[in-house]
Every structure is written in C-alpha cells, then in structure tokens.
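>>> Sequence first, then the predicted structure:
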Amino acid sequence: MKKDIFKEVARKNGVTEEEVRSEIEKSIAEACKDPNAPINKIGNGKVPTPEEVIEHVLKEIAKANMN
C-alpha cells in the first residue's frame with residue numbers, strides 16, 4: 001500500500017517514484033534538525049524512513065478517529 005502512495009503521487013505530479021521518495025526524505029531530514037520536533041520520536045533515535053512516517057501518521061489518524 002505504501003508503495004502505491006509513492007506511485008500515485010509520482011503519477012499525479014509527472015515525476016518518478018524515486019523523485020517523490022527523495023523529496024520526502026529531504027523533508028524528513030530537515031524536520032529532524034529540530035531536536036524538539038515530534039518527528040524525532042518516530043525513528044528510534046534515527047532519521048525515520050518515509051514508510052515509518054506514513055505508518056505513524058496513519059496510526060495517529062486512526063487513533064484520532066476512534067475518539
């Protein structure tokens with residue numbers, strides 16, 4: 001499913017899946033520069049992968065919808 005997200009975003013924007021992944025990775029790395037950023041809790045002390053971030057966001061959305 002996560003791979004389909006990259007494919008769909010790439011298709012809609014006329015770029016490759018690799019370009020989509022690269023841009024997401026750059027954004028994640030930039031966000032992680034702030035030691036207080038919530039994203040730093042996702043990667044277990046490392047910069048999280050795009051898949052880890054997507055999984056985390058989906059879990060948070062599901063949790064919010066249950067309340």
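Thanks, I have the structure now.
>>> Any stretches of this protein with poor pLDDT?
Where the chain drops to pLDDT under 70, the residues are 1-3, 67.
>>> can you map out the helices along it?
2-13, 17-32, 50-66 (DSSP state H).
>>> of all those, which gets the most neighbours per residue?
Highest mean neighbour count among the helices of the chain (mean count of other C-beta atoms under 10 Å): helix 17-32, with a mean of 14. Where C-beta positions appear, they are placed from N, C-alpha and C, glycine not excepted.
>>> quick check: angle from that one to helix 2-13?
Angle, helix 17-32 to helix 2-13, by axes from the mean of the first three to the mean of the last three C-alpha atoms, to 10 degrees: 100 degrees.
>>> Okay, angle between helix 17-32 and helix 50-66 too, please.
70 degrees.
>>> what residues does helix 17-32 touch?
Outside of helix 17-32, the residues within contact range by C-beta atoms under 8 Å, 6 or more residues apart in numbering are 3, 6-7, 9-10, 13, 37, 39-40, 43, 47-50, 53.
>>> cool, stretch 36-46 as well?
Stretch 36-46 has contacts (C-beta under 8 Å, 6+ apart) with 28, 31-32, 34, 48-49, 52-53, 56.
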